[in-house]
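Undergrad: Structure for the following, please:
(chains A and B)
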Amino acid sequence: MNRLIRSELLKIRTTHTWWIFALATVAGTAAALALNFLQAHLFLNATDDIASGSSPDQAQSIAAQSQVVTQAANIFTSGQFLGCLFAALIGILLITNEYYHQTATATFLTTPHRTTVVVGKLVTAVMYSAVFWLVSTAIAIPAGLIFFQAEGLPSHLGDWDVIRAVLLNLMAFAIWAVFGVGFGALIRSQIGATITVSVVYVVGFSAADLIFTLLHQWLQQDWIRTAQVIVPSTASQVMLAPVKLFPQSPPQWVGALVLIGYGLIAGLIGTLILRKRDVS
Amino acid sequence: MSDGQIVVSGLTKQYKNVRAVDDLSFTVEPGRVTGFLGPNGAGKTTTLRMVLNLVTPTAGAATIGGRRYADLHDPLRTVGAILEASAAHKGRTGRNHLRVICAAAGLPDSRADEVLELVGLAPAGSRKFKGYSLGMRQRLGIAAAMLGDPRVLILDEPANGLDPEGIRWMRDLLRRLAGEGRTVLVSSHLLSEMQLLADDVVIIAAGRLVRQGTVDDVMGSMSTQARVRVRSPQAEALGAELKRAGATVATDADGALLVTRVEAPAVGAAALRAGVELHELVTERPDLEHVFLELTQGKATIR
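TA: So this is what the prediction gives:
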């Protein structure tokens, strides 16, 4: 297994992939920080103006947003949205590269036990996603501290709520990486898998939000809104939000469970497919 | 150490509509080069991929030195294989491609440089794969196959894309490796090349075994015999004299006489007796290509 992981790490290190992802992670985190600073600045300073004239639901949401702890968790996990996507993409690349560059033959000749190969790729993808998380966090924490200093507010970095958010963030990265490997095995086409996951990830949250909101208004059942957690990107958000994402949103652990479920299913299906499929 | 004999027994691969390989059995002996021949679509590649555990057989099994490929402890140290024009990541250098395999197989990185040297690719080792010519890619494939210093080599159309000098180099390399006692199984459609390279041949068509044996045996068993091609401006007179000498004479499309049942000296003597002028006198032995065409005739249709 160690050999395989070494080999998989080398596969990424010996191509352009690593620095493209490094650059993207840094840029993504920087952009997210800028947005989060702006948002935090607005919410923490002008709550009354925004809250006036909005519905109770919205008011509750805004009240939650305006808590310094919420903003701190948000800022210290900056880059999470794109980072999880990159984690999924590295997982996809680890599998689809083998087909795109026809190296699957060499890989399976070297290691005929396919399950071992997939497990090696899963571990490697998780390791890379942890590096992404580390890079993101290493940028977000000092930048966040400077922001709160400038705002004259406590950073809450020591609060369990905030620490938990940062650690759950790591878990989200890892699960999305596993998801990517499974998905890559499912859709062998590199471009196909990349585009599908990117679209589902980016559009998925907003689209799901819209659909479930409409359904909720139509049927007037609160559980429908709660059920939105079955959408992977929503589950990811629910798991990470230190306060309720929306009034009916289930607790954090439900989001985590759903996401782990998806990761396991994708990893399992991917492994089974690779075991059965002929390499030609 | 078990020997490197390859045993294929009852191997069958059924795709949706096509039986690509049909109850195929043959053996490949160590210390010899075995040519694996068949028309396009005969099932050569599918067979080799089943031997290497890349394609799951519908029925039957293949063993290398008594073990299935998946059960080999250190596969790369036992079997080296080249399939398809040896693919690698376009943006990775040749040396790094080999190092990735070394890492997975638990071989030292230094092996990468050694095999690059072996195939004459050392100067291009730090260049990216996308800049390699087809010939260089084939050499890199052979380098990868040699990483584990295996005693069995399985090569699918290794001569594809090689220039004449490259083909000669490959032939010498494979002969040398067989001479060291290794098992060498090479598939090819270049029959003239196989005649120079192989000791044994396995001929398949439409997924079935047609003939297995040494090159000499397979060719000797054919109905096609040696014949003498002779050309003369007075072909009719020569033909008549040859028939008197007991020969069978046919006329080729270009006017030359194709003489069977007598040897070249008898043809020369007949020409002298008839007093005719000769422009060409040559003995033609059936080559593997003729034998192959005869054996696979009618079986090579698109399925």
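
Undergrad: Against residue B:296, how distant is whichever residue of the stretch 201-303 of chain B sits closest to chain A?
TA: Closest contact between the stretch 201-303 of chain B and chain A, by C-beta to the nearest C-beta, is at residue B:207 (15.3 Å). For the C-beta atoms, the positions are set from N, CA and C on the backbone; glycine is no exception. Distance, residue B:207 to residue B:296, by C-beta to C-beta, to the nearest Å: 12 Å.

Undergrad: So for the two, which sits in the more crowded spot?
TA: Using other C-beta atoms under 10 Å in any protein chain shown, the more surrounded residue of residue B:207 and residue B:296 is residue B:207, with 25 against 19.

Undergrad: That one and residue A:180: what is the separation?
TA: 39 Å.

Undergrad: do residue A:221 as well
TA: 34 Å.

Undergrad: Looking only at neighbour counts, state which of those two leads.
TA: Legend: neighbour count by other C-beta under 10 Å for residue A:221 and residue A:180, higher for residue A:180 (34 against 12).

Undergrad: Just name whatever secondary elements the strand or helix carrying that one is in contact with.
TA: Per DSSP states H and E: residue A:180 is located in helix A:160-186. Applying 3 or more C-beta pairs under 8 Å, 6 or more residues apart in numbering or on different chains; DSSP states H and E, we find helix A:160-186 packed against helix A:68-76, helix A:80-100, helix A:114-151, helix A:190-219, helix A:232-240, helix A:252-276.

Undergrad: closest to chain B out of these?
TA: Of these, nearest to chain B by C-beta to the nearest C-beta is helix A:80-100, at 6.6 Å.

Undergrad: Contact residues of chain B facing chain A?
TA: Proximity of chain B to chain A, by C-beta under 8 Å from any C-beta of the partner chain, involves residues B:45-46, B:49, B:52-56, B:69-70, B:72, B:75-76, B:79, B:81, B:83-84, B:87-93, B:96, B:99-101, B:103-106, B:144.

Undergrad: Tell me the first helix or strand C-terminal of the lengthiest helix in chain B.
TA: Secondary structure of chain B per DSSP state H: the longest helix is helix B:164-179. Later in the chain than helix B:164-179, the nearest helix or strand by DSSP H and E is strand B:183-188.

Undergrad: Please name every helix or strand in contact with that following strand.
TA: strand B:33-37, helix B:44-51, strand B:152-156, helix B:164-179, helix B:191-197.

Undergrad: and that strand, which strands flank it?
TA: strand B:33-37 (parallel), strand B:152-156 (parallel) (DSSP bridges).

Undergrad: for the residue of the stretch 51-200 of chain A found nearest chain B, what are its contacts?
TA: Closest contact between the stretch 51-200 of chain A and chain B, by C-beta to the nearest C-beta, is at residue A:102 (3.3 Å). With contact set as C-beta atoms under 8 Å, 6 or more residues apart in numbering or on different chains, residue A:102 has these partners: B:84, B:87.

Undergrad: So it: helix, strand or coil?
TA: Of the three states, residue A:102 takes coil according to DSSP: H, G, I helix; E, B strand; the rest coil.

Undergrad: and the lowest-mean-pLDDT helix or strand in chain B, which residues are buried?
TA: When the helices and strands of chain B are compared on mean pLDDT, DSSP states H and E, helix B:288-296 comes out lowest with a mean of 72. Residues of helix B:288-296 classed as buried by neighbour count (16 or more other C-beta atoms under 10 Å in any protein chain shown): B:288, B:291, B:292, B:295, B:296.

Undergrad: So what touches that helix?
TA: Residues beyond helix B:288-296 that count as contacts (C-beta under 8 Å, 6+ apart) turn out to be B:37-39, B:42, B:191-192, B:194-195, B:201, B:203, B:205, B:210-211, B:215, B:218-219, B:222-224.

Undergrad: Restrict those residues to the buried ones and give me that as a PyMOL selection.
TA: Of the contacts of helix B:288-296, the buried ones can be selected in PyMOL as follows, counting by 16+ other C-beta under 10 Å:
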select buried, chain B and resi 37+38+39+42+191+194+195+201+203+205+210+211+215+218+219
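
Undergrad: so where is the chain shaky, pLDDT-wise?
TA: No chain specified, so I'll use chain A. Low-confidence segments of chain A (pLDDT under 70): A:46-66, A:242-243, A:245.

Undergrad: um, chain B though
TA: B:1-2, B:85-86, B:221-225, B:286-288, B:298-303.

Undergrad: Which residue ranges of it form strands?
TA: B:6-14, B:19-28, B:33-37, B:59-64, B:79-82, B:152-156, B:183-188, B:200-205, B:208-214, B:227-231, B:248-251, B:257-260, B:280-284 (DSSP state E).

Undergrad: Cheers, nothing more for now.
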